[in-house]
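**Q** return a 3D structure for these sequence lines:
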Amino acid sequence: MSVNNVLDWVPCIGITLQTAVDFPKISPFFDMKGFMASINYPAGPKFDADYKQFLAAGPVIIKEILTIIHENVYPRVSKAMPGYVEPVLLESFDFERCGDLVPLFPDAGYYKIFPQDTVHFQAWENHSVYPYYLLVKSNY
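**A** Model (predicted):
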């Protein structure tokens, strides 16, 4: 079972490769340079070039992974399951959990406490115990 605040960026992290665009806007990954500045950690002289390289690597890695799946996995599946039609895979690193999902949806009261301001936010504001406590109370 996976109980998640739908605004929490942490459950988006699986054991996967992900890029900044795969995360919600309220996360340290969406604006890494701003996040680092907010915790008084200097980005360093090569940050912009390295971050641009990090963002550019995503599509290349996705293509490589999909090629590996297409060339190695589907032939085995097709052999075991004649007539199996290979699905089109989503070209994204966006992670989804498996199992029973229990989403916790915020109400107006939640947004009063946690307004989701993309300029002035705390990276953990949707992830700590208190937001989950409020959501469980309001959802159940």
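**Q** now the strands for the protein?
**A** 2-5, 101-104 (DSSP state E).
**Q** using PDB, list the CA coordinates for the first one.
**A** Read that as strand 2-5. Presented in PDB, the C-alpha positions along strand 2-5 are these (Å, rounded to 0.1, in the frame of the first residue of the first chain):
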ATOM      1  CA  SER A   2       1.200   3.500  -0.800                       C
ATOM      2  CA  VAL A   3      -0.400   6.400   1.200                       C
ATOM      3  CA  ASN A   4       0.700   9.700  -0.400                       C
ATOM      4  CA  ASN A   5       0.000  13.300  -0.200                       C
END
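**Q** hmm, what's the outermost residue in this protein?
**A** Pro82 (34.9 Å; C-alpha atoms, centre = their mean).
**Q** nearest residue to the middle of the chain?
**A** Cys12 (3.3 Å).
**Q** report the contact partners of Phe105.
**A** Contacts for Phe105 (C-beta atoms under 8 Å, 6 or more residues apart in numbering) come out as 6, 135, 139. For glycine as for every other residue, the C-beta is placed from the backbone atoms N, C-alpha and C.
**Q** just the pLDDT at it, thanks.
**A** Listed pLDDT for Phe105 reads 95.
**Q** mind naming the longest helix for the chain?
**A** Scanning the chain for the longest helix, with DSSP state H as the assignment, gives helix 47-68.
**Q** same question for that helix, mean pLDDT?
**A** 85.
**Q** same check, this time on stretch 3-14
**A** 79.
**Q** pull out the buried positions in it.
**A** Neighbour-count burial for stretch 3-14 flags 4-5, 7-9, 11-12 (criterion: 16 or more other C-beta atoms under 10 Å).
**Q** how far off centre is that stretch?
**A** 7 Å (C-alpha atoms, centre = their mean, to the nearest Å).
**Q** tell me where the protein has helices.
**A** 32-38, 47-68, 74-80, 108-113, 129-139.
**Q** how far does the longest one sit from its chain's centre?
**A** Right, the one you point to is helix 47-68. 16 Å.
**Q** and it, what does it pack against?
**A** Taking 3 or more C-beta pairs under 8 Å, 6 or more residues apart in numbering; DSSP states H and E as contact, the helices and strands that helix 47-68 lies on are helix 32-38.
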